[in-house]
Every structure is written in structure tokens, then in C-alpha cells.
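Student: My questions are about this predicted structure, shown below with the sequence.
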Amino acid sequence: MKKFLTAILFAPLLALAAGPELHLDRAPDKANDKAALQNGAKIFVNYCLNCHSASYMRYNRLSDIGLNEAQIKDNLLFTADKVGEPMMIAMQRADAKVWFGAAPPDLSVIARARASEFGSGADWLYTYLRTFYRDDSRPSGWNNVVFENVGMPHVLWDLQGDQIMGEDHKLKLAKPGKLKPQEYDAMVGDLVAYLKYMGEPVAEFRKQLGVIVLIFLAVIFVFAYALKREYWKDIH
């Protein structure tokens, strides 16, 4: 009986361990590259915001990555009237479910959500956006290496080109896109950096503030220890 209960308890873990290991490519770190974040915002608005909303992100937060209000209005404000509005879309979830089989998820915190599943949301997104391939068996005509049977079509196909899955189970570029592979990877790196930033716009400030607090506490500790020695010197 004990063996039976143990087998039931650890069966999910054994099944997970027996499954194929998901290889994720390392996403470039562009958290402090404002030019890359601005380019990522442009790509997001032009290619992603048609179907995916970012309801926790307001347009005016883009000022944090170096854009002024005029630049936001002239180049990025396509789905709202004011820069203080969130990044919403006109498509209704009910319609999206009929057209795509499932409503496209809100991308406000997609990098953080994938991080909770795979350890690095940026790496998952970076690999995902680079591993679409043609699959005639799918309704959209596309499939993905890290998200098998994905419902989303490859919206960046004109930039990357058409990839096919070879007999050796490796992706091959059958038809080049507008960008060279290195250029496409760099562009995806910018988009992923923006998606990661959007999940926590104050992340870099939080990290910098944390360092300042630790330095402050270290200095205070020195004075507190000296004061303690002075108070207790007659006893010790």
C-alpha cells in the first residue's frame, strides 16, 4: 500500500522528468538600452497591439524609456486618444475566441508569467518568437518549437521569412524575409526587452534603490556597532 501511494505521489514528477527538455536561447540583456526599448515599443505597437492588449501599461509610461509626449502621440498612439490611456485593443474577446480558437492574452506581464513557468520569461519569449515554422496541418499554417500547436500565427514572418522543420528536427530558413537572421534576432531582442520592461517598468529603479539601501545599512551598521562598543565598554 505504501509503495502504491508513493507511486501516485511522485508520478507527476517522474512524468515531468521523463519529458523532453525544453532548450531556451539566452535573450540579450537590453534593460538599460533605451534605444532598444524604444524600438521594442515600436515593434510591439505595430505588430502585437493589433490582437494583444497591454491593459496594465499606459502610453505615458513610455517617457521612462526616453520618449516625450509628442513622440508618443506622433508615432505610437494608434489605439487611444490620450497618452494617459492604457494600451487597449478594439477587438472583443468573444470575437477573438471565434476567430483564433482562444482570445489572445493580455501581454502586460507576459514576461513575468513565463518566468514563473520556465525560470526566464525573457529567454522563453526570445526563443518563442524565433522558432515559428510552416505547418500545413495547423489552422494558421504555423507551428512553434517551444509552444507546440500554438494558435497564434507568425505575425513577424515577413521580417524573418519562412522556416521549415527538417527531417533532422532542426529549423531551416526556406524563404528569407526582409531582415537577415542576425538582424531579425536583434529586433526580437529589442521586442523582448520591451515586454520585460512592460511587466515591471520600475524594475531597474528598484534594483538601484536596493543597492543604495544596502550601502546605507552597511554604513549605519558601522556607526551602530561603534556606539554599542562605547556603551558597553565598561562592562566588557
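Tutor: Yes, it's here.

Student: The spatially most central residue of the chain is in what secondary structure piece?
Tutor: Among the residues of the chain, residue 111 comes closest to the average C-alpha position under CA atoms, centre = their mean, at 3.1 Å. Here residue 111 is covered by helix 110-118, with elements defined by DSSP states H and E.

Student: Report all helices and strands that the very next helix or strand once past that helix contacts.
Tutor: Note on helix 110-118: by DSSP H and E, the next helix or strand toward the C-terminus is helix 121-128. Applying 3 or more CB pairs under 8 Å, 6 or more residues apart in numbering; DSSP states H and E, one finds that helix 121-128 contacts helix 110-118, helix 181-199. For every residue, glycine as well, the C-beta is placed using N, CA and C.

Student: For the longest one, which helices and strands make contact with it?
Tutor: The reference is to helix 181-199. Contacts defined by 3+ CB pairs under 8 Å, 6+ apart place helix 181-199 against helix 34-43, strand 54-58, helix 110-118, helix 121-128, helix 157-160.

Student: Highest mean neighbour count out of the ones you listed?
Tutor: helix 121-128 (a mean of 23; mean count of other CB atoms under 10 Å).

Student: now that helix against helix 181-199, angle please.
Tutor: 140 degrees (axes from the mean of the first three to the mean of the last three CA atoms, to 10 degrees).

Student: neighbouring strands for the helix or strand just after helix 121-128, and are they parallel or not?
Tutor: Once the chain leaves helix 121-128, the next helix or strand it forms, by DSSP H and E, is strand 132-134. Partners of strand 132-134 in the sheet, by DSSP bridges, are strand 142-144 (antiparallel).

Student: Can you list the neighbours in contact with the partner strand?
Tutor: With contact meaning CB atoms under 8 Å, 6 or more residues apart in numbering, strand 142-144 is reached by 128, 131-135, 137, 149-150, 152-154, 157, 165.

Student: Residue 223: which of the residues you listed is nearest?
Tutor: residue 128 (50.6 Å; CB to CB).

Student: The closest residue to that closest one other than its chain neighbours: neighbour count?
Tutor: Setting aside the residues directly before and after it, residue 128 is nearest to residue 146 in space (CB to CB, 6 or more residues apart in numbering), at 5.0 Å. When neighbours are defined as other CB atoms under 10 Å, residue 146 has 21 of them.
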